[in-house]
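> Model the structure of this input:
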Amino acid sequence: MKVDMYDFNLPEHLIAQVPLKERTASRLLTLNKTTGEIQHEHFADIINYFHEGDTLILNDTRVIPARLFGTKKDTGAKAEILLLTQLEGDRWEALVKPGKKIKAGAVIHFSDELEAVIEEEGDMGMRVLSFRYEGIFQEILDRLGEMPLPPYIKETLDDRERYQTVYAKNEGSAAAPTAGLHFTTELLDQIRAKGVQIGFVTLHVGLGTFRPMSAETIEEHVMHEEYYSLPAETAALLNETKARGGRVIAVGTTSARTLETVARDFQDRPLEAASGWTQIFIYPGHTFGLVDAMITNFHLPKSTLVMLVSALAGREHIMAAYHEAIEREYRFFSFGDAMFIY
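Numbering: from 1, shown residues only. Here you go, the predicted model:
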């Protein structure tokens with residue numbers, strides 16, 4: 001299957017550069033995955049599409065200020081590091097710039113209290129490094145690090161918390177699960193009051209968010225591993241929901257990938273607490289084991305995320321919805337508008 005089948009022309013001015021003042025003020029395109037019917041709403045109207053007995057699954061990962069700027073200790077040349085995955089202790093997998101000039105053995109100086117030593121080299125700027133520091137690493141990172149906004153966002157973010165969901169809890173992501181940015185605590189309370197149960201999973205968003213697809217066919221692409229966790233209480237909630245015939249609604253592609261990972265691993269067995277690393281790549285032809293509906297933002301052309309939502313709703317329906325969203329000038333990507341596929 002050709003990657004080009006998921007290409008479309010996106011005017012640059014539709015890429016949202018800053019978040020709206022009110023989280024729930026975004027527009028909402030709803031797409032019936034069976035009929036292809038499209039409606040145009042505001043995000044606060046999402047509650048009208050939920051039914052008593054539904055279960056909403058949120059990714060409670062928290063973004064760390066993972067972008068660090070420093071200099072090579074021997075030459076003084078500028079260096080940039082994007083932390084992706086904590087391996088063990090003070091060792092991390094990271095992307096570095098300039099990738100060709102920072103070799104194994106190099107020392108990157110960030111401040112008098114923080115340095116990094118490059119231990120291993122990988123492809124396309126990937127490195128394994130270890131930190132040397134004085135004090136508490138997380139406190140140093142909070143002071144020196146910047147939020148790792150995607151490269152298509154050129155504006156500076158004034159409030160770091162606007163790139164966190166209101167329910168962000170478990171630190172470890174290099175990017176936000178952006179479909180969740182639309183929710184407020186008040187809206188979640190209203191959803192619960194309607195008889196909808198809410199559960200949490202964790203998936204720490206990593207390299208897959210930042211690396212474009214280089215393969216010509218979908219089947220050639222290999223996803224980068226990301227850490228996920230399914231708590232016991234969420235596993236029990238999902239078992240109960242499916243047993244009574246309720247819908248499981250994933251908030252974002254990260255929640256969907258977590259749910260489909262455990263659905264694949266447990267198959268016909270009841271779910272239990274689980275954690276590990278997933279490389280699951282969902283594209284048309286995938287049979288969904290848990291996800292019935294999904295809230296998601298509008299994604300990059302030819303991205304794995306467009307392929308994932310096409311697996312749920314069908315490529316033709318997704319392409320038609322995206323065409324209409326562009327015509328009506330919806331805002332795209334991390335700080336953009338939302339879609340509900342049901």
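
> pLDDT on the longest strand anywhere in the chain, on average?
Longest strand in the chain by number of residues, with DSSP state E as the criterion: strand 78-88. In this model, strand 78-88 has a mean pLDDT of 93.

> buried stuff in that strand?
79-86 (16 or more other Cβ atoms under 10 Å). (Each C-beta comes from the backbone N, C-alpha and C, glycine too.)

> Which single one of these is nearest to G145?
Comparing the buried residues of strand 78-88 against G145 with Cβ to Cβ places L83 closest, at 7.9 Å.

> right, and that closest one touches I64 too?
Yes. Contact criterion Cβ atoms under 8 Å: L83 and I64 qualify, at 6.8 Å.

> Name the residues contacting each of the two.
With contacts taken as Cβ atoms under 8 Å, 6 or more residues apart in numbering, L83 and I64 have 145, 174 as neighbours in common.

> quick revisit: who touches the longest strand of the chain?
64, 66-72, 92-98, 102, 108, 116, 128-129, 145, 148, 172, 174, 204, 206-207, 210, 225, 227.

> Can you flag the buried ones in those?
Looks like the contacts of strand 78-88 have 64, 66-68, 70, 72, 92-96, 102, 108, 116, 128-129, 145, 148, 172, 174, 204, 206-207, 210, 225, 227 buried, using 16+ other Cβ under 10 Å.

> So, low pLDDT: which residues of the stretch 201-342 of the chain?
Filtered on pLDDT under 70, the stretch 201-342 of the chain yields the residue ranges 208-211.

> Run through the helices of it in chain order.
232-243, 253-266, 304-313, 315-327 (DSSP state H, counting those that start in this stretch).

> hmm, who's touching the shortest one?
Residues lying outside helix 304-313 but in contact with it, judged by Cβ under 8 Å, 6+ apart, are 6, 31, 33, 208, 213, 218, 221, 223, 253, 256-257, 281-286, 288, 291, 294, 296, 299-300, 318-319, 321-322, 339, 341.

> and what of the first one?
Residues from elsewhere that reach helix 232-243 (Cβ under 8 Å, 6+ apart): 53-55, 57, 197, 199-201, 247-248, 259, 262, 270-274, 290.

> name the helices or strands packed onto the helix or strand that the longest strand of the chain is followed by?
On the C-terminal side of strand 78-88, the closest following helix or strand by DSSP states H and E is strand 91-97. In terms of contacts (3 or more Cβ pairs under 8 Å, 6 or more residues apart in numbering; DSSP states H and E), strand 91-97 is packed against strand 78-88, strand 126-133.

> Looking at the buried residues of strand 78-88, which one is closest to E161?
Nearest member of these to E161, counting by Cβ to Cβ, is L83, at 19.4 Å.

> Beta-bridge partners for that closest one, please?
Per DSSP bridges, the residues bridged to L83 are A94.

> quick one: contacts for I57?
Per Cβ under 8 Å, 6+ apart, neighbours of I57: 198-201, 234, 238, 248-251, 255, 259.

> Then G145?
Counting by Cβ under 8 Å, 6+ apart, G145 touches 64-68, 83.

> Just flag the most distant two among those.
Counting by Cβ to Cβ, the most remote pair of the contacts of G145 is I64 and L68, 10.7 Å apart.

> what residues are shared contacts of the two?
In contact with both I64 and L68: 83, 141, 145, using Cβ under 8 Å, 6+ apart.

> now these in JSON lines, with distance to A313?
Below are those laid out as JSON lines (distance: Cβ to Cβ, whole Å):
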{"residue": "L83", "distance to A313": "34"}
{"residue": "L141", "distance to A313": "39"}
{"residue": "G145", "distance to A313": "37"}
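
> residue boundaries of the strands in the stretch 1-150 of the chain?
Shown for the stretch 1-150 of the chain, the strands assigned by DSSP state E, counting those that start in this stretch span residues 27-31, 38-42, 55-59, 61-63, 67-72, 78-88, 91-97, 107-111, 114-121, 126-133.
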